[in-house]
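Asker: Turn this into a structure:
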Amino acid sequence: MGSAGTTSESFDVLIVGAGISGINTAHYLQSRGPPGLTYTILERRGRMGGTWDLFQYPGIRSDSDIFTFGFSWNPWQGDVPIVSGPKICAYLSESAALSGIDTKIRYDHRVLSADWSSESSTWTVKARRGKDHEEGQEMVYRAKFIVLGTGYYDYDQPFEATIPGIESFKGPVIQPQFWPSNLNYTNKNIVVIGSGATAVTLVPSLAEDAKHTTMLQRSPSYIYSMPMKTNLLTRLMRWLLPRMLTGYILRMQYALYHALLYHYCQRFPNAARRLIMGKAKKQLPPGYKVDPHFNPRYGPWDQRLCVVPDGDFFAAIRSGKASVVTDTIDMVTEDSIRLRSGEVLRPDIIVASTGIKLSFAGGIKFSIDGVPYDPPSKYTFKACMLQDAPNLAFIIGYANSSWTLGAESTAVFLTRLWSTMASKDIKVVVPRAQNPEKMKPLPPLGLTSTYVKAGAKHMPMGGEGLWAPRRNHLRDMYDASWCDVLEGLETH
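Answerer: Purely as a prediction, here's the structure:
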């Protein structure tokens, strides 16, 4: 048990999370929010970075281009579009320091609960401070508005797929989310179970030092190679144009490219399938099976594309140091993986890259006037607020584009909302749905991945109209910039 509670300062806005979402929100609050707005950021970890500080597995990198994944207000200055996790963390630290955001972060604060008081129009937020969140000091903060920059997955538990007999394996079984820093895999046989972005990132990185790395997949994903060299026009633009203008052009260029690719895949799935599989075939060794290993059961972008820089995944296969097996696990024994086909794999190490466990708001328990509030039973409003929740916002990105683009449109909307509230002396805004029982629930991420479907019950629902989930950045930015910010909101 922690020590007795301590009431700390009160703030206008309390931001939870010091990753991309929290840092971006703080920048917009400082630069576009009403003058004098006070805020702090509570971060459960000991460093900023969120996802990029947590995940430490070999080869960790963005699977979105850095020109849209970076901030519009501090454009990325490198040349390659896909960058490593450590470089992203360094970039976040640099960005936060530009305007003193780093001085507003309170580290080692795990937020436990938030209760809204209608009488005082404030949230009371309880957090545990300290490296050990079970034994740390209990802190109490008060805020007029909360912004959740907590992402959408569980930091403490990965998604655990059912793998028959996995508990009997005598070698290491590794979860990428908790990669041990002292793991020696040199000259080892490794089997990576899974076919998503993490598995596709791990395989070429592990293959450099391992004896052999096998990606064992029940069903394949679309793997799409992105060239890392910038073209001559981009290099000339960097030389001739101001930094901010170049950054804006590159950002729009990549955002438009990904939007067009997504819509092409959705509208012409058969043609897109042929295109992606054709590119894969050209990068694989002669005679290597494209079907079934690179022929998914679903249409392109029904699940997220796995982007690989300069085709490094295919290069690992060409080298003979990596391979793909498409099959179903029958049983894991103490020294083998036996497959339904009769094939037997004999790994020294198993990496269970089976997805992430979804969680909303980092598991914070919410209540309104002491009555528990359940976010998964509610609809999302403008993809950034919650039905019936006063002065509460959350940040979510796109399944089909960079997370940061979603964070940006939310920050633009929130700063306009806060400015309007200040000018009209509005203390409270609450999204209210008319006849919510008649609304058709939609998943907020819009993907069919196993872990997404399994975790949907832990996430609030998308709906229609003002309650629709995110899908298109250009439309969302237009709405955030020009919409009536009070439409659909009950105000006090």
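Asker: how about residue 167, secondary structure?
Answerer: Classification of residue 167 using DSSP: H, G, I helix; E, B strand; the rest coil returns helix.
Asker: Pull the number of nearby residues for it.
Answerer: The number of residues packed near residue 167 is 8, by other Cβ atoms under 10 Å. Placement of C-beta: from N, CA and C, glycine included.
Asker: Residue 188 - how many residues pack around it?
Answerer: Using other Cβ under 10 Å, residue 188 is surrounded by 18 other residues.
Asker: gap between the nearest residue to it once chain neighbours are set aside and residue 63?
Answerer: Closest residue in space to residue 188, ignoring its immediate chain neighbours: residue 348 at 4.1 Å, by Cβ to Cβ, 6 or more residues apart in numbering. Remark: distance between residue 348 and residue 63 (Cβ to Cβ, to the nearest Å) = 28 Å.
Asker: Which one's more surrounded, those two?
Answerer: Looking at residue 348 and residue 63 with other Cβ under 10 Å, you find the greater number of neighbours at residue 63, namely 20 against 17.
Asker: wait, doesn't that one sit right on residue 306?
Answerer: Yes: Residue 63 is within contact range of residue 306, at 6.9 Å (criterion: Cβ atoms under 8 Å).
Asker: Mutual contacts of these two, please.
Answerer: Applying Cβ atoms under 8 Å, 6 or more residues apart in numbering, one finds that residue 63 and residue 306 are jointly contacted by residue 197.
Asker: What about residue 412, how many residues nearby?
Answerer: Residue 412 is flanked by 18 other residues according to other Cβ under 10 Å.
Asker: Quick check: next helix or strand after the helix or strand hosting it?
Answerer: Taking DSSP states H and E as the criterion, residue 412 maps to helix 403-423. Heading C-terminal from helix 403-423, the first helix or strand you meet, by DSSP H and E, is strand 429-431.
Asker: Show me what that next one is packed up against.
Answerer: If contacts are counted by 3 or more Cβ pairs under 8 Å, 6 or more residues apart in numbering; DSSP states H and E, strand 429-431 sits against strand 489-491.
Asker: Which positions in the strand it packs on come out as buried?
Answerer: Residues of strand 489-491 classed as buried under the neighbour-count rule (16 or more other Cβ atoms under 10 Å) are residue 489.
Asker: So what are the sheet partners of that strand and their directions?
Answerer: According to DSSP bridges, strand 489-491 forms sheet pairs with strand 429-431 (antiparallel).
Asker: quick one: contacts of the partner strand?
Answerer: Outside strand 429-431, the residues that touch it by Cβ under 8 Å, 6+ apart are 381-382, 385-391, 417, 421, 466, 486, 488-492.
Asker: Kindly report the domain assignment for the protein.
Answerer: In terms of domains, the chain is parsed into 6-156+357-491, 166-232+264-352 (source: automatic domain parsing).
Asker: what's the closest of the ones you listed to residue 243?
Answerer: Distance to residue 243, taken as Cβ to Cβ, is lowest for domain 6-156+357-491 among the domains of the chain, at 6.4 Å.
Asker: before we move on, back to that, list only those of the contacts of strand 429-431 flagged as buried.
Answerer: Buried positions within the contacts of strand 429-431, assessed by neighbour count (16+ other Cβ under 10 Å), are 381-382, 385-391, 417, 421, 466, 488-489.
Asker: Let's have the residues you listed in a markdown table, adding secondary structure.
Answerer: Formatted as a markdown table, those follow (three-state DSSP):
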| residue | secondary structure |
| --- | --- |
| 381 | strand |
| 382 | coil |
| 385 | strand |
| 386 | strand |
| 387 | coil |
| 388 | coil |
| 389 | coil |
| 390 | coil |
| 391 | coil |
| 417 | helix |
| 421 | helix |
| 466 | helix |
| 488 | coil |
| 489 | strand |
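Asker: just those now: which is nearest residue 479?
Answerer: Checking those against residue 479 with Cβ to Cβ, the nearest one is residue 382 at 7.5 Å.
Asker: Not including adjacent chain positions, what is the nearest residue to residue 266?
Answerer: Spatial nearest neighbour of residue 266, excluding adjacent residues (Cβ to Cβ, 6+ apart): residue 301 at 5.8 Å.
Asker: Next SSE downstream of the helix or strand bottoming out on mean pLDDT in the chain?
Answerer: Every helix and strand in the chain was compared by mean pLDDT, DSSP states H and E; the lowest is helix 450-455, with a mean of 68. Toward the C-terminus, helix 450-455 is succeeded by helix 473-482 as the next helix or strand (DSSP H and E).
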